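Peer 1: here's my sequence, what's the structure:
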Amino acid sequence: MGNDPQSARSAVEMDLRYSLGRGEHWLYAYAVWSHKPGALSMSVGEARYCIKLNPEVFDYMTVDADRRRVMPTPYDWEHGAPLNLKEARRMTTGIHKGEAEHKYDYSAVLSETPAYGWSSTKSHVGLWMVNPSMEYIGGGPTKAELTGHLDVNPGALPTLLNMWLGSHYGGTALYVGEQESWTKVIGPFLIYCNSSGDHEAMWKDALERAGKEAELWPYAWISDPDYVPAARRASVHGRIRHFPPRADGDIEVAARVTDALGIEHVVLDQSRSRVAAELTKNVRTSFCADEHAWMLTLADYLGGHTATVYDGLGGDFLSRGSYQDRRKSALFAAGDFSRLADNCLDHFLAGQVSEESLRLLLQPDAYRRFDRTHARERVARELERHADAANPMTSFVFWNRCRREISLYPYALSAADHQSVQPVPRSRRV
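Peer 2: The predicted structure is shown next:
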């Protein structure tokens with residue numbers, strides 16, 4: 001970030017806070033990051049709370065039921081044989097001799113791993129990381145991240161992490177522009193301590209504590225203007241049933257996400273016939289969208305419950321890589337826009353429409369007017385316009401599919417029902 005705490009234009013102000021309740025054997029930790037307009041812009045790829053432990057005490061790590069064991073020692077790690085990345089070595093000594101060891105073996109979906117940590121075979125104590133909520137975790141309840149490992153730096157100390165912002169596994173990054181006012185509260189999370197002669201008993205005790213803390217969230221004992229108390233919170237929830245014949249399997253996924261977040265899950269049934277919804281959608285989007293009719297029910301619902309909706313369209317789209325691959329990058333670099341256009345047409349139309357279906361759907365004259373050759377030429381011209389962008393494929397998709405298709409929901413379809421806001425950090429704008 002280039003942060004200089006002595007500078008009046010320091011990029012970020014940080015408060016690190018701890019709280020210990022009377023008679024409790026766990027510590028609450030949280031941080032408040034803030035950026036004021038006029039301060040330097042900042043960019044953070046990864047942010048974590050890290051505890052490095054005494055290897056003479058802590059020798060056993062537990063992530064979940066399938067990953068709990070006595071770990072290699074620091075000596076084992078430092079005398080291991082290097083493998084194909086700096087974080088991986090093959091053990092040549094100790095009880096794990098011959099095995100590959102690396103920190104990615106201990107990654108986990110954080111919402112499914114409420115308590116993880118290290119314990120001691122000799123001293124019968126445990127130290128656990130407990131996240132009572134996923135709301136401060138970048139990436140939300142589906143985020144997979146590192147949990148703990150042996151430090152790859154000299155000494156190879158047992159390490160316990162709380163990765164609240166990370167780039168691993170399709171992760172997130174943080175960008176704040178110079179004129180933006182921004183604040184984030186990270187936590188509070190628990191550093192939980194316990195003791196027992198049994199590693200599993202200590203882990204299960206930590207899991208039980210994690211469940212109790214989740215029920216207490218948001219905490220009533222915090223008095224901070226940047227931490228929103230329960231009385232000022234609302235439930236953000238919902239899922240819409242699709243029109244037949246499309247299946248509603250994503251309702252089950254939504255139910256798992258809302259359950260992990262501890263918020264209400266509401267399923268909205270379609271309130272219009274398919275034909276009526278399509279007609280309404282066509283008028284509201286000026287006949288520009290071939291989808292969105294099924295979302296009219298959501299627009300109706302939100303219009304009756306709120307005046308403003310924050311839509312993740314911009315940030316989510318610019319952080320994803322599903323439209324980028326080596327083939328497209330190579331064709332962009334070679335300036336072969338005709339073949340790139342074919343690649344894009346195949347990518348975007350896969351499973352949706354085929355040349356044969358178009359031939360059967362359109363009148364012969366219309367099919368000749370809208371054949372693949374014309375489509376390829378039009379897409380190739382548009383791709384060439386984005387060749388000099390920092391990320392050409394993202395630029396192309398943003399100004400075409402995003403601007404002319406999916407953005408029509410917040411900006412056209414639901415515009416009459418509520419105000420829609422799409423926050424996009426400045427340094428991510430295409």
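
Peer 1: which stretches of the stretch 51-200 of the chain form helices?
Peer 2: 74-78, 199-216 (DSSP state H, counting those that start in this stretch).

Peer 1: which stretches of the stretch 251-400 of the chain form strands?
Peer 2: 267-268, 308-310 (DSSP state E, counting those that start in this stretch).

Peer 1: tell me the buried residues in stretch 191-207?
Peer 2: Ile191, Tyr192, Cys193, Asn194, His199, Met202, Trp203, Asp205, Ala206, Leu207 (16 or more other Cβ atoms under 10 Å). Every C-beta, even on glycine, is put in place using the N, C-alpha and C of the backbone.

Peer 1: how near is the spatially most central residue of the chain to Ser420?
Peer 2: Closest to where the C-alpha atoms of the chain average out (Cα atoms, centre = their mean) is Gly139, at 2.0 Å. The spacing between Gly139 and Ser420, counted by Cβ to Cβ, to the nearest Å, is 23 Å.

Peer 1: wait, isn't Trp164 in contact with Lys184?
Peer 2: No: taking contacts as Cβ atoms under 8 Å, Trp164 lies outside contact range of Lys184: 9.2 Å.

Peer 1: lowest average confidence, helix or strand, in the chain?
Peer 2: In the chain, no helix or strand scores lower on mean pLDDT, DSSP states H and E than helix 313-319, which sits at a mean of 59.

Peer 1: mind putting the helices of the stretch 51-200 of the chain into JSON lines with mean pLDDT and distance to Gly21?
Peer 2: Output for those, formatted as JSON lines (pLDDT from 0 to 100; distance: least, Cβ to Cβ, whole Å):
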{"stretch": "helix 74-78", "mean pLDDT": "97", "distance to Gly21": "34"}
{"stretch": "helix 199-216", "mean pLDDT": "97", "distance to Gly21": "11"}
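
Peer 1: now for these, which one comes closest to Arg48?
Peer 2: Proximity to Arg48 (Cβ to Cβ) singles out helix 199-216 among these, at 18.8 Å.

Peer 1: so which elements touch that closest one?
Peer 2: Applying 3 or more Cβ pairs under 8 Å, 6 or more residues apart in numbering; DSSP states H and E, one finds that helix 199-216 contacts strand 60-64, strand 67-70, strand 115-119, strand 125-130, strand 182-195.

Peer 1: and the ones you listed, which is most packed in?
Peer 2: strand 115-119 (a mean of 26; mean count of other Cβ atoms under 10 Å).

Peer 1: contacts for it, please.
Peer 2: With contacts defined as Cβ atoms under 8 Å, 6 or more residues apart in numbering, strand 115-119 is touched by 53, 58-64, 108, 125-130, 147-148, 158, 160, 192, 199, 202-203, 206-207, 209-210.

Peer 1: swap in stretch 161-171?
Peer 2: 44-51, 104, 107, 110, 129, 131, 136-139, 143-149, 172-174, 186-187, 189, 320-321.

Peer 1: make a PyMOL selection of whichever of these turn out to be buried.
Peer 2: In PyMOL, this line selects whichever of the contacts of stretch 161-171 come out buried by 16+ other Cβ under 10 Å:
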select buried, resi 44+46+47+49+51+107+110+129+131+136+137+138+139+143+144+145+146+147+148+149+172+173+174+186+187+189
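
Peer 1: next step: the contacts of stretch 161-171 restricted to strands.
Peer 2: 44, 47-51, 129, 144-145, 148-149, 174, 186-187, 189 (DSSP state E).

Peer 1: how about the residue nearest to the centre of the chain, nearest residue that isn't a chain neighbour?
Peer 2: Spatially, and ignoring its direct neighbours in sequence, Gly139 is nearest to Thr172 (5.0 Å; Cβ to Cβ, 6 or more residues apart in numbering).
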